[in-house]
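# mind looking at a prediction? Sequence and model below.
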Amino acid sequence: MKIIVHYPFEAAEIDELRTLVATYGDHEVTHVETEDEAVAEAADAEVILGHFQPAVCAAAPKLKWVQSFSAGMDKFLFPAIIANDVEVSNAAGLHAPQGAEHAWAMVLALSHQLFDSLDNQRQRRWGGGPSPVELTGMTLGLIGLGGFGMEMLKRAAGYDMTVIAVDAQRRDRPDGVAELKPSTKETVRELLQRSDIVMVACPRTKETYHLIGRDELALMKKTAYLINVTRGGIIDEPALAAALVSGEIAAAGLDVTEVEPLAADSPLWEAPNLIMTPHRAGASQKRPRKIFERFRDNLERYLNGERPHYIIDKAKGY
């Protein structure tokens, strides 16, 4: 069996994979660096770890399983891979701890006026600016209770918050969640109306595309914060920019946008009370090793004849 690894693992990690597969028979691990190299090696590949572009998969008629490095799959699931019987595993939950930390960093920076203080510091000016906002006792609304949502929930405990949530799949209410409802247009709107802070933690699918638009933003409190560090396209960006300009909501934090990099003419660049970061919430010093260990452990399951973990429903997109 040939296994193509199309991800920048260290040489020692590739050696570790080769040692692993050797204990299960005559298997080959081929490490490639480019799409062209992957296409050239794909004809007899059964497994792809890492990048799986359409051209590579089209050149791999024996392909049975793909392990992605991403949790969100909306930018990876092309029509041919959805239609065939190749199974795809994602990196669900793998990047959630650092993603949740990033979301809370945005809330703290906004609520405590840290950027105003930084501007004052650069100008050697002491004091000034709006008063900080106390988070303790507020209501947090979580749109999604998968890996990201659960990690966001853990970090809310330190602020003695009331947490309400909606989720498309989950029905068991975790400790710390006061209310959990199925995710529908109506329940999302209710959550937006009631929450002081809203964190988006759902995948981007046909159902969640522009889930939060002009009408939904109008329902939010004028003092509310809206945070999205999961997938772009869930929030209507021109509507968000307009809501920030008009003061319809207090502030927002975005690590993801519908098109990346963000266009130079996007109204988000000029929107007040907005923190944007360039899709970095899932990054950390631990990320490369986490990805390797997820790949390695799932590969061992596959070699043992077991179904890999984190197989997605390709039709649903998660």
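Arrived safely, thanks for sending.
# so who does the residue positioned nearest the centre of the chain touch?
For the chain, Thr230 is the residue whose C-alpha lies nearest the centre (C-alpha atoms, centre = their mean; 3.1 Å). The contact partners of Thr230, taken as C-beta atoms under 8 Å, 6 or more residues apart in numbering, are 72, 99, 144, 148, 200-204, 256. For every residue, glycine as well, the C-beta is placed using N, CA and C.
# if you rank those residues by neighbours, which is first?
Within the contacts of Thr230, neighbour counts (other C-beta atoms under 10 Å) peak at Phe148, which reaches 31 neighbours.
# secondary structure class for that residue?
Using DSSP: H, G, I helix; E, B strand; the rest coil, the structure places Phe148 in helix.
# contacting residues around it?
Phe148 neighbours (C-beta under 8 Å, 6+ apart): 71, 96, 99-100, 103, 201, 229-230.
# sitting in helices, which of those do you find?
96, 99-100, 103 (DSSP state H).
# how about these, which pair is most distant?
Ala96 and Ala103 (10.2 Å; C-beta to C-beta).
# then the lowest-mean-pLDDT helix or strand in the chain to PDB, C-alphas only?
Using mean pLDDT, DSSP states H and E, the weakest-scoring helix or strand in the chain turns out to be helix 114-122, at a mean of 92. In PDB, the C-alpha atoms belonging to helix 114-122 read as follows (Å, rounded to 0.1, in the frame of the first residue of the first chain):
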ATOM      1  CA  LEU A 114      -6.300  47.500  25.500                       C
ATOM      2  CA  PHE A 115      -5.800  48.900  22.000                       C
ATOM      3  CA  ASP A 116      -6.700  52.400  23.300                       C
ATOM      4  CA  SER A 117      -4.100  51.900  26.000                       C
ATOM      5  CA  LEU A 118      -1.500  50.700  23.500                       C
ATOM      6  CA  ASP A 119      -2.100  53.800  21.400                       C
ATOM      7  CA  ASN A 120      -1.700  56.000  24.500                       C
ATOM      8  CA  GLN A 121       1.500  54.200  25.400                       C
ATOM      9  CA  ARG A 122       3.000  54.800  22.000                       C
END
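# now do the buried residues in it.
Within helix 114-122, the residues that count as buried by 16 or more other C-beta atoms under 10 Å are Ser117.
# what does stretch 158-170 give?
Buried-residue list, stretch 158-170, by 16+ other C-beta under 10 Å: 159, 161-168, 170.
# okay, strands next: where are they in the stretch 151-300 of the chain?
Here the stretch 151-300 of the chain has its strands, by DSSP state E, counting those that start in this stretch, at 162-167, 179-182, 197-200, 225-228, 251-254, 274-276.
# buried deepest among the ones you listed, which one?
strand 197-200 (a mean of 28; mean count of other C-beta atoms under 10 Å).
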